[in-house]
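1. Can you look at this prediction? I've put the sequence above it.
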Amino acid sequence: MDQQKLPNATAVLILGIVSIVGCCCYGLPGLISGIIALVLAKKDGQLYKQNPTMYSNYSQLNAGKIMAIIGISLSVLYFIYVIVLLSTVGWEAMKDPQLMQEKMRDLLGQ
């Protein structure tokens with residue numbers, strides 16, 4: 001019997017990688033791509049559990065799922081960091097490096 005590849009395993013792997021890289025863009029792209037990867041991984045996981053001998057690339061699906069979880073975690077942490085930074089120093093300081101240094105000095109008490 002010829003083994004097939006899971007239909008979304010490559011997409012899950014790519015989206016998992018994108019979720020890790022996308023966490024550096026204020027967290028939102030990484031969060032979105034990670035969630036999409038997990039949804040696709042769940043669908044393919046159910047397909048694999050119905051007939052495990054029919055599919056050959058379950059390890060690729062698993063790797064993508066793990067990367068998506070890591071990407072979501074990093075994105076959430078970075079998103080929280082951005083929110084805390086915005087609430088402490090403000091949007092104006094985020095745009096102006098000189099003002100950011102002054103605000104950070106004030107916060108650190110130097």
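-> Everything's here; your move.

2. how near is Tyr26 to Gly109?
-> 28 Å (C-beta to C-beta, to the nearest Å). C-beta: built from backbone N, CA, C; applies to glycine.

3. Tell me which of the two has more neighbours.
-> Tyr26 (15 against 5; other C-beta atoms under 10 Å).

4. I'd like to know how far the nearest residue to that one once chain neighbours are set aside sits from Ser75.
-> When the adjacent residues along the chain are set aside, Tyr26 lies closest to Val82, with 5.4 Å between them (C-beta to C-beta, 6 or more residues apart in numbering). Counting by C-beta to C-beta, the separation of Val82 from Ser75 is 10 Å.

5. just to revisit the earlier point, how about the strand or helix carrying the residue nearest to Tyr26: buried residues?
-> In this assignment (DSSP states H and E), Val82 forms part of helix 58-89. Counting neighbours by 16 or more other C-beta atoms under 10 Å, one finds that the buried residues in helix 58-89 are 58, 60-65, 67-75, 78-79, 89.

6. Surely the residue nearest to Tyr26 is in contact with Cys24?
-> No: with contact defined as C-beta atoms under 8 Å, Val82 does not reach Cys24; the gap is 10.9 Å.

7. Other residues contacting the strand or helix carrying Ser33?
-> Following DSSP H and E, one finds Ser33 within helix 28-50. Here helix 28-50 makes contact (C-beta atoms under 8 Å, 6 or more residues apart in numbering) with 6-9, 11-12, 15-16, 18-24, 55, 58, 61, 64-65, 67-69, 71-72, 74-76, 78-79.

8. Now find how far off-centre that helix is within its chain.
-> 12 Å (C-alpha atoms, centre = their mean, to the nearest Å).

9. Send me it as PDB with only the CA atoms.
-> Provided in PDB are the C-alpha atoms of helix 28-50 (Å, rounded to 0.1, in the frame of the first residue of the first chain):
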ATOM      1  CA  LEU A  28       0.600  40.000  16.200                       C
ATOM      2  CA  PRO A  29       1.700  38.200  13.000                       C
ATOM      3  CA  GLY A  30       3.300  35.400  15.000                       C
ATOM      4  CA  LEU A  31       0.100  35.000  17.000                       C
ATOM      5  CA  ILE A  32      -2.100  34.800  13.900                       C
ATOM      6  CA  SER A  33       0.100  32.400  12.000                       C
ATOM      7  CA  GLY A  34       0.600  30.200  15.100                       C
ATOM      8  CA  ILE A  35      -3.100  29.900  15.700                       C
ATOM      9  CA  ILE A  36      -3.700  29.000  12.000                       C
ATOM     10  CA  ALA A  37      -1.000  26.400  12.200                       C
ATOM     11  CA  LEU A  38      -2.500  24.800  15.300                       C
ATOM     12  CA  VAL A  39      -5.900  24.600  13.600                       C
ATOM     13  CA  LEU A  40      -4.500  23.000  10.500                       C
ATOM     14  CA  ALA A  41      -2.400  20.600  12.700                       C
ATOM     15  CA  LYS A  42      -5.500  19.500  14.600                       C
ATOM     16  CA  LYS A  43      -7.300  18.700  11.400                       C
ATOM     17  CA  ASP A  44      -4.400  16.700  10.000                       C
ATOM     18  CA  GLY A  45      -3.900  15.000  13.400                       C
ATOM     19  CA  GLN A  46      -7.400  13.700  13.400                       C
ATOM     20  CA  LEU A  47      -6.900  12.500   9.900                       C
ATOM     21  CA  TYR A  48      -3.800  10.700  10.900                       C
ATOM     22  CA  LYS A  49      -5.400   9.100  13.900                       C
ATOM     23  CA  GLN A  50      -8.100   7.600  11.700                       C
END
